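> No sequence on hand, only this structure:
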């Protein structure tokens, strides 16, 4: 069968085939969903941790140095995500995506984002400066967090496939992670209102760690940003 004929056949099958859906209580894995129109629906909080200015990094520095920045940031982010009970769902170049589920998913995801900021400032940057004392490079990153119902399906072809996370949280978290890196953590109003006070107030005076913003490019939605860190 010619490639065009094969593609036309499969596209028609996807559009015609009825979906099999079920509610999930755990993060679905690659082998728990079939390649046909099969999906798991879960309530989840998505975190994107994205290295900022990566284009300037790869254009302006030696590839070995850029790779070290990628590796240290993604390693710290991944270890913190795992330590907080999150599930890493994808790596995409200079960023990592994770999902949190359960009763405290918003609180835990936000705590994770603040810890990633702590690692960037208190672990990676000092080690970088110690190794390269003449370097003026400053690691910058952004974490975006949102929560919603997620529709998880498998995409690709047999032997080369991955899970696709369809839902507002996956989309919004990725977009939040592209906002101003002067504020390393951005969250939606839904996350802010649902998370525990421990992720909202910090320091001995219980100051609000968050500043309310208006997301003009997304219909003037209310979002929140923070410069705070969380000790690891």
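Received it, and whenever you're ready, just let me know what you need. Since we're looking at a predicted model, the values are computed, not measured.

> isn't residue 86 right next to residue 110, touching?
No: proximity of residue 86 to residue 110 does not meet the contact threshold set by Cβ atoms under 8 Å, at 11.4 Å. Backbone N, C-alpha and C define where each C-beta goes, glycine included.

> Can you give the distance of stretch 45-57 from its chain's centre?
9 Å (Cα atoms, centre = their mean, to the nearest Å).

> Could you list the low-pLDDT ranges of this protein?
Along the chain, the parts satisfying pLDDT under 70 run over 1.

> Tell me which stretches of it form helices.
Assigned by DSSP state H, the chain shows helices spanning 3-16, 54-60, 63-83, 105-119, 125-131, 168-176, 189-194.

> related to what we said a few turns ago, looking at residue 86 and residue 110, which one has more neighbours?
Neighbour totals were compared for residue 86 and residue 110, and residue 110 leads with 30 against 25 (other Cβ atoms under 10 Å).

> so how far is residue 202 from that one?
Using Cβ to Cβ, to the nearest Å, residue 110 is found at 11 Å from residue 202.

> For the longest strand along the chain, which strands pair with it and how are they oriented?
When the chain is parsed with DSSP state E, its longest strand is strand 141-157. Paired strands of strand 141-157, with direction, are strand 38-51 (antiparallel), strand 160-166 (antiparallel), strand 185-188 (parallel) (DSSP bridges).

> related to what we said a few turns ago, let me know which of the helices of the chain is the nearest to residue 159.
Closest to residue 159 of these is helix 3-16 (Cβ to Cβ; 14.6 Å).

> now the closest one and strand 141-157, what's the angle there?
If you take axes from the mean of the first three to the mean of the last three Cα atoms, to 10 degrees, helix 3-16 sits at 110 degrees to strand 141-157.
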